[in-house]
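A.B. asks: from the sequence below, what's the structure:
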Amino acid sequence: MSSAESRVRVSGLTCAYRGETVLNGVDFEAGPGTVFALFGYSGSGKTTLISVLAGLLPYRWGKVQTCDRREIGLVTQFPSLFPRLTACENLQAIGMMKGIPASDLARLVPLLVEELGLGALENRRVTHLPQGAKQRVSLACALINEPKLLLLDDILARTDPDSAQVIIEALLRRVDEGSTCIWATDRLEEIRTLARACSLRIGYLREGSLTVYQPQEFFELFARSGEREAAPSQEQEGGRV
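C.D. replies: Presented below is the predicted three-dimensional model:
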């Protein structure tokens, strides 16, 4: 993939957190209309990498190229919503914060409410919603600016199967339309689900280093060594995010 084709291009990225090196010489690229699955166990540095790509966290060395921040949609590890506002009010508020004109919001909000199955919940305060619905609201807010780059940090954590299916389908539609998706998770079954649904590459983040695989070789790695052996323990990775 040439740099002209890349929407995300990372080279030699090194980042420290609380004095400890979390990312060490990370390199990868992701182009339009692709999914890059970022796999790593708890504490491996996935959230740090997502935060750097979103422009929320400084880094020590290396080069990071993404699209304009106004063209990025981010779903954080824990919902970044206004808990006392309803689903629709969150969409309106976040849309205004992103500088979207009221006329566009009038068109986009109902479309996203329908697509993500929020119609029966749109007037309930977010604090009263189950986790799966909160994640659907979070995704709707990330999609409100029709982003070219989607950064998803553990988006299916603690979601119900129906919500997970709605989320995956909505994201794959955006990828089919040309968006780039960086999908971070620590669950192998999620990677398997994505591999069955779309073409993707997988980055395995371990001890600060990222190795990029095609799905077949990634799953062969775990089949050879066993999932427990291939996974660094949380004690080894303690303190990282």
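
A.B. asks: drop to CA atoms for contacts and neighbour counts, all remaining ones
C.D. replies: Fine.

A.B. asks: quick one: mean pLDDT over stretch 157-173.
C.D. replies: Here stretch 157-173 scores 95 as its mean pLDDT.

A.B. asks: check the offset of that stretch from the chain's centre.
C.D. replies: Taking Cα atoms, centre = their mean, to the nearest Å, one finds stretch 157-173 lying 13 Å from the centre of the chain it belongs to.

A.B. asks: now do stretch 214-227
C.D. replies: 22 Å.

A.B. asks: so what touches it?
C.D. replies: 195, 200-202, 230 (Cα atoms under 8 Å, 6 or more residues apart in numbering).

A.B. asks: who wins on neighbours among these?
C.D. replies: Using other Cα atoms under 10 Å as the contact criterion, the top neighbour count among these goes to residue 202, which has 24 neighbours.

A.B. asks: coming back round to it: which pair of the contacts of stretch 214-227 spans the longest distance?
C.D. replies: Checked with Cα to Cα, these reach their widest spread between 200 and 230, with 20.7 Å between them.

A.B. asks: now residue 191: how far from residue 211?
C.D. replies: Applying Cα to Cα, to the nearest Å, the value for residue 191 to residue 211 is 15 Å.

A.B. asks: of the two, which one has the most company?
C.D. replies: Using other Cα under 10 Å, the more surrounded residue of residue 191 and residue 211 is residue 191, with 23 against 15.

A.B. asks: closest to residue 143 out of the contacts of stretch 214-227?
C.D. replies: Distance from residue 143 was checked for each of these by Cα to Cα. The minimum falls on residue 200, at 20.7 Å.

A.B. asks: list the contacts of that closest one.
C.D. replies: With contact set as Cα under 8 Å, 6+ apart, residue 200 has these partners: 34-37, 194, 214-215.

A.B. asks: any of those buried? List them.
C.D. replies: Using 16 or more other Cα atoms under 10 Å as the burial test, these include 34-37, 194, 215 as buried.

A.B. asks: which SSE is residue 80 in?
C.D. replies: Assigned by DSSP states H and E, residue 80 falls within no helix or strand.

A.B. asks: of the contacts of stretch 214-227, closest to residue 98?
C.D. replies: residue 200 (29.3 Å).

A.B. asks: identify the bridge partners of that closest one.
C.D. replies: Here residue 200 sits in beta bridges with residue 35, going by DSSP bridges.

A.B. asks: buried ones in the longest helix anywhere in the chain?
C.D. replies: Secondary structure of the chain read by DSSP state H shows that its longest helix is helix 161-176. Counting neighbours by 16+ other Cα under 10 Å, one finds that the buried residues in helix 161-176 are 163-164, 167, 170-172, 174-175.

A.B. asks: do the same with stretch 50-59
C.D. replies: Neighbour count says stretch 50-59 has 50-54, 59 buried, by 16+ other Cα under 10 Å.

A.B. asks: I'd like those as a markdown table, with pLDDT appended.
C.D. replies: As requested, the buried residues of stretch 50-59 are arranged in a markdown table below (pLDDT from 0 to 100):
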| residue | pLDDT |
| --- | --- |
| 50 | 97 |
| 51 | 95 |
| 52 | 96 |
| 53 | 97 |
| 54 | 96 |
| 59 | 91 |
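
A.B. asks: redo those residues as a markdown table? Include distance to residue 141 and secondary structure.
C.D. replies: Formatted as a markdown table, the entries for the buried residues of stretch 50-59 read as follows, by distance: Cα to Cα, whole Å; DSSP: H, G, I helix; E, B strand; the rest coil:
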| residue | distance to residue 141 | secondary structure |
| --- | --- | --- |
| 50 | 17 | helix |
| 51 | 17 | helix |
| 52 | 20 | helix |
| 53 | 18 | helix |
| 54 | 15 | coil |
| 59 | 27 | coil |
